[in-house]
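*Asks:* no FASTA, just this:
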């Protein structure tokens, strides 16, 4: 049978959302560009993107529901079914996986009794495996509503989800204080985070992540290639030896042990 039209929001809810939506739309020269934040806005209302929410976005932006649905189903940050107050994402990309992410994800599935993308019976936690969080120097990483919980183990991850379900105060390793998924969605829609201290709190990359930046700025001396331990001269500093990857060098300069003379152009 044909699907019935999506039910509308109650009048008071729709009026409030329309005021918020007009504020978002005014930020963009082309109203269609406001679709992503509007999807976050309706997600902040119900905890996931419903048919009612997609119809609302279509009405506000003069789009078809098919156009809105195409976007809402493309991005994994938009939930299509009811989900928990806390989205617990375990990174299972390469480095986190080998450092323990796979074990953490498997253990949490057993501990919570849910599969990937499923929510606990109390509606508190939705578990999912996610791709790289760009925090490899803190691997393995778990994120809760996009806040970082670094250097996790099976035991710490279990304690984390238990605390979330019990309503205990949980502090991210870095970044803003933890809030519910609906509150996070409203911030992602572009509205200010009005919680005390939330804006001032900020995470940053770890030392390993910043090494390359410091090298590029000249704040650190470049590493030197030295003789293997015990094989080089002992009474003087080892001679600097440019690697063949240090460009560009003639063959005899980049590898003094195998001089081949200057490299000639073809045909010379």
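*Replies:* Right, received. Where do you want to start? Treat the numbers as computed from the prediction; the structure is a model and nothing was measured.
*Asks:* For the chain, which element, helix or strand, carries the lowest mean pLDDT?
*Replies:* Taking mean pLDDT, DSSP states H and E as the measure, the helix or strand of the chain with the lowest value is helix 251-254, at a mean of 50.
*Asks:* Any figure for the gap between the residue lying closest to residue 46 once chain neighbours are set aside and residue 3?
*Replies:* In space, and not counting its chain neighbours, residue 46 is closest to residue 53: 6.5 Å by C-beta to C-beta, 6 or more residues apart in numbering. Just so you know, the C-beta spots here come from the backbone N, C-alpha and C atoms, and that holds for glycine as well. The gap separating residue 53 from residue 3 is 16 Å, by C-beta to C-beta, to the nearest Å.
*Asks:* Among the two, which residue is more densely surrounded?
*Replies:* Shown here are residue 53 and residue 3; by other C-beta atoms under 10 Å, residue 53 has more neighbours (24 against 6).
*Asks:* From what I see, that one and residue 40 are in contact.
*Replies:* No. Judged on C-beta atoms under 8 Å, residue 53 makes no contact with residue 40 at a distance of 10.2 Å.
*Asks:* before we move on, the earlier item: any idea which element the residue nearest to residue 46 lies in?
*Replies:* helix 51-61 (DSSP states H and E).
*Asks:* centre of the chain versus that helix, how much separation?
*Replies:* 27 Å (C-alpha atoms, centre = their mean, to the nearest Å).
*Asks:* which helices and strands does the helix or strand following that helix pack with?
*Replies:* As assigned by DSSP H and E, the chain's next helix or strand after helix 51-61 is helix 65-72. Applying 3 or more C-beta pairs under 8 Å, 6 or more residues apart in numbering; DSSP states H and E, one finds that helix 65-72 contacts helix 35-46, helix 51-61.
*Asks:* could I get these as CSV with distance to residue 189?
*Replies:* Listed next are the helices and strands packed on helix 65-72 as CSV, based on distance: least, C-beta to C-beta, whole Å:
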stretch, distance to residue 189
helix 35-46, 4
helix 51-61, 11
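*Asks:* Of those, which is nearest residue 116?
*Replies:* helix 35-46 (19.7 Å; C-beta to C-beta).
*Asks:* can you give me the offset of that closest one from its chain's centre?
*Replies:* The answer for helix 35-46 is 19 Å, by C-alpha atoms, centre = their mean.
*Asks:* elements contacting that helix?
*Replies:* helix 11-25, helix 51-61, helix 65-72, helix 181-188.
*Asks:* Tell me which of those lies nearest to residue 44.
*Replies:* Minimum separation from residue 44 across these (C-beta to C-beta) falls at helix 181-188, 3.8 Å.
*Asks:* quick one: buried residues of that closest one?
*Replies:* For helix 181-188, the neighbour count (16 or more other C-beta atoms under 10 Å) marks 181, 183, 184, 185, 186, 187, 188 as buried.
*Asks:* Okay then, goodbye and thanks.
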